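S.K.: The amino acid sequence is not available; the structure is as follows:
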């Protein structure tokens, strides 16, 4: 049972706070017990302010207590716990995420109300997490600004150019956020901070997936279980990973069912003019399935070739179907109209949870192409429209 001692009076606080932001700091003080972890809080902008202490659990944030800072914005919270943990201190609308490390005193010092100048001293784990978070937040704010800018530009005549420019910048930020996260994870394999980093997203896209980063994620799981065998967070991660690995194996099995010569899985969805679409109704035709998304930085990379394919083979018993992984109808429709995509267009607007990602083993590998023969069988899978064109030229029409 976690025991809490406060330097000032407190009252019990109930309710859940569901937003996690990472701001932390620490400095060694009194290590008289290897079980004690102290939060030494010094927030100059928050004199006589109410702090709310929450314990971050795997599926909930549980409020524990409240405490008021003194006239200088100082407070001290002591946690007696043999296990490392994750806590959140709320002050106003700001959140401070803390990795409790038994035997350490973490000092959180800030002068500004927005806590953007929060500094960390003393605790290596909290220091590293803060450095990672600060760098990540700069890029996250730019992603948010790009999204707002794109939405506000929807009525501009040059919207396609704006969209392409935003997409290219977003791709650059995604790569930087992913590299930053991987570097942090590799350098902090035994820290509970890895649990926070593993769940980071860039916009709607997860930065890491079991499919693409299997080795690193399993290494983190192994190290955490070795150093924190009884920790509830580590146990929860291990359980989730077991489920994800099972899905990973299922996806591999699905890929085997997507080999040439096997029937193409059925696709049923709405088109851009709300018409019903069924892939099976195209049996008797050669079909090119084009999986893409309007938010991709390079989504127009293949469009000259796609127009060539549509014009060259449209007079034959042929159809091309572009299946978009979008979640904004306006953005999807704008791309169709501005790029004169006059072949079949469909989208379920469910990204990043579209069942087609699993059904056709797409993941985040966009664009991806399939050629379906006249019997509804998969002829092949391709990474570019140029490869598709090469295959179509080999066919007898």
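M.R.: On my side now, so go ahead. Everything quoted here is computed from the prediction, not taken from an experiment.

S.K.: hey, let's count contacts and neighbours off CA atoms from now on
M.R.: OK.

S.K.: what residues go with each domain of the protein?
M.R.: What automatic domain parsing lists as the domains of the chain is 3-121, 130-257, 268-394.

S.K.: can I get those domains in TSV with mean pLDDT and mean neighbour count?
M.R.: Putting the domains of the chain into TSV (pLDDT from 0 to 100; neighbours: other Cα atoms under 10 Å) gives the following:
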stretch	mean pLDDT	mean neighbour count
domain 3-121	77	18
domain 130-257	90	16
domain 268-394	91	17
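
S.K.: right, and residue 76 touches residue 43 too?
M.R.: No - counting by Cα atoms under 8 Å, residue 76 does not reach residue 43; the two are 11.5 Å apart.

S.K.: From the contact counts, what lies against the helix or strand hosting residue 337?
M.R.: Under the criterion of DSSP states H and E, residue 337 resides in helix 329-338. With contacts defined as 3 or more Cα pairs under 8 Å, 6 or more residues apart in numbering; DSSP states H and E, helix 329-338 has these neighbours: helix 159-187.

S.K.: by how many degrees do the helix it packs on and helix 329-338 diverge?
M.R.: Angle of helix 159-187 versus helix 329-338, following axes from the mean of the first three to the mean of the last three Cα atoms, to 10 degrees, is 130 degrees.

S.K.: gap between helix 159-187 and the chain center?
M.R.: 12 Å (Cα atoms, centre = their mean, to the nearest Å).

S.K.: that older thread, give me the contact list for the helix holding residue 337.
M.R.: 160, 272, 293-295, 324, 326, 342, 345, 349 (Cα atoms under 8 Å, 6 or more residues apart in numbering).

S.K.: redo that, cut-off 6 Å
M.R.: For helix 329-338, the external contacting residues (Cα atoms under 6 Å, 6 or more residues apart in numbering) are residue 294.

S.K.: Which SSE is immediately downstream of it?
M.R.: Using DSSP H and E, the helix or strand that directly follows helix 329-338 along the chain is strand 344-347.

S.K.: Tell me the helices and strands packed up against that following strand.
M.R.: strand 318-324 (3 or more Cα pairs under 6 Å, 6 or more residues apart in numbering; DSSP states H and E).

S.K.: Try it again at 10 Å.
M.R.: Contact here means 3 or more Cα pairs under 10 Å, 6 or more residues apart in numbering; DSSP states H and E; on that basis strand 344-347 packs against strand 268-270, strand 276-278, strand 286-292, strand 318-324, helix 329-338.

S.K.: Mind giving me the packing neighbours of whatever helix or strand comes next after the third one?
M.R.: With elements assigned by DSSP H and E, the helix or strand that comes after strand 286-292 is helix 303-313. Using 3+ Cα pairs under 10 Å, 6+ apart as the contact criterion, the neighbours of helix 303-313 among helices and strands are strand 286-292, strand 318-324, helix 385-394.
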